[in-house]
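Enquirer: Fold the following for me, if possible:
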Amino acid sequence: MAFNIHLERGDSLVPRYVKPIMRYCRLPGGLYYLSIVRPGKRIPLETAINMENYGQVFITGSCKNVERQGFFRLHLNEYKTVETITCLAPFPIDIHNLYSLWGKNEKLLNNLQLRFEMALITDLFDYFKEPWAYAIYHDKFDLLLEDLNNLMTSTVGVPGFSLISNLIEMYKKNKWRALSADQNDIVEEKFNTASYPKLLEKKLLDFIRDHLDSLPMYAHPIMIKAILEGFNKSPMFSY
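Expert: Next comes the predicted model:
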């Protein structure tokens, strides 16, 4: 089974595919196979892994012992966003939730790279079932990301100042080479001194507040207030 091939034409006569291609099937012998890849021309794996900008790969399980633990391979591209997901398991795979991971930065995935390097992730199937990931699986989460992206490209704080425009100018001066440590510090300082952090936090909290029924695992101020009020009213905590 293969589905969700989404494209946009816009003003171009050539269609532009913007969503990943997902294939999911049950193989002879009862194993379940999942592949999520970016749209476009496929490059043979043997060639791709030898390219300087290939990125990183994180694997749990083994194809040779898949009955014991499902095989999960996740590929991050050079920008540390999920580009390829390959799974093989003796159980049905949660394809819709895993599909939501494509294109997400590893920082958004609960600092995936750091946790993997610290040997805190032994099974990626279990890792992506943990409560921290539920917001990413919400059907309105992509709208939140779009809203946050629009905020980051807007002028905030100082009139006429846009962090993204400023960042582009820095890259132009660098002839599109990576920024130095000092330049990164300047960008971080500008980000923190503008109103971006507070506005981003507010939009995220508003998103969780609007969907508390389906996202009760997050410590929203409303939930904390309700818990504390319960403590204050309980005779168990009165002295």
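
Enquirer: How about the most centrally placed residue in the chain: what's its closest non-neighbour residue?
Expert: When the chain is reduced to its mean C-alpha position, the closest residue under Cα atoms, centre = their mean turns out to be residue 104, at 2.7 Å. In space, residue 104 comes closest to residue 82 once its chain neighbours are excluded; the distance is 5.5 Å by Cβ to Cβ, 6 or more residues apart in numbering. C-beta: built from backbone N, CA, C; applies to glycine.

Enquirer: Could you work out the end-to-end span of stretch 127-145 for me?
Expert: One end of stretch 127-145 to the other measures 22 Å (Cα to Cα, to the nearest Å).

Enquirer: So what touches whichever helix in the chain runs longest?
Expert: In the chain, taking DSSP state H as the definition, the longest helix is helix 196-210. Where contact means Cβ atoms under 8 Å, 6 or more residues apart in numbering, the residues beyond helix 196-210 that reach it are 135, 140-141, 144, 147-148, 151-152, 156-157, 163, 191, 215, 218, 220-222.

Enquirer: and the longest strand along the chain, what does it pack onto?
Expert: If you go by DSSP state E, the chain has its longest strand at strand 82-89. The contact analysis (3 or more Cβ pairs under 8 Å, 6 or more residues apart in numbering; DSSP states H and E) places strand 82-89 against strand 32-37, strand 71-76.

Enquirer: Mind checking the pLDDT average for the last one?
Expert: Summarised as a single mean, pLDDT over strand 71-76 is 97.

Enquirer: and if you look at the first one?
Expert: Averaging the model's pLDDT scores along strand 32-37 yields 96.

Enquirer: List the buried residues in it.
Expert: 32, 34-37 (16 or more other Cβ atoms under 10 Å).

Enquirer: quick one: contacts for residue 48?
Expert: residue 54.

Enquirer: before we move on, the earlier item: and which of the buried residues of strand 32-37 is nearest to residue 89?
Expert: residue 32 (5.3 Å; Cβ to Cβ).

Enquirer: Does that closest one touch residue 94 like I think?
Expert: No - using Cβ atoms under 8 Å as the test, residue 32 is too far from residue 94 to be in contact (10.4 Å).

Enquirer: quick one: the strands in the protein?
Expert: With DSSP E, the ranges of strands along the chain come out as 2-3, 7-8, 16-17, 21-26, 32-37, 56-60, 71-76, 82-89.

Enquirer: Make a markdown table out of those strands and add distance to residue 49.
Expert: Converted to a markdown table, these look like this (distance: least, Cβ to Cβ, whole Å):
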| stretch | distance to residue 49 |
| --- | --- |
| strand 2-3 | 24 |
| strand 7-8 | 28 |
| strand 16-17 | 23 |
| strand 21-26 | 20 |
| strand 32-37 | 14 |
| strand 56-60 | 8 |
| strand 71-76 | 9 |
| strand 82-89 | 11 |
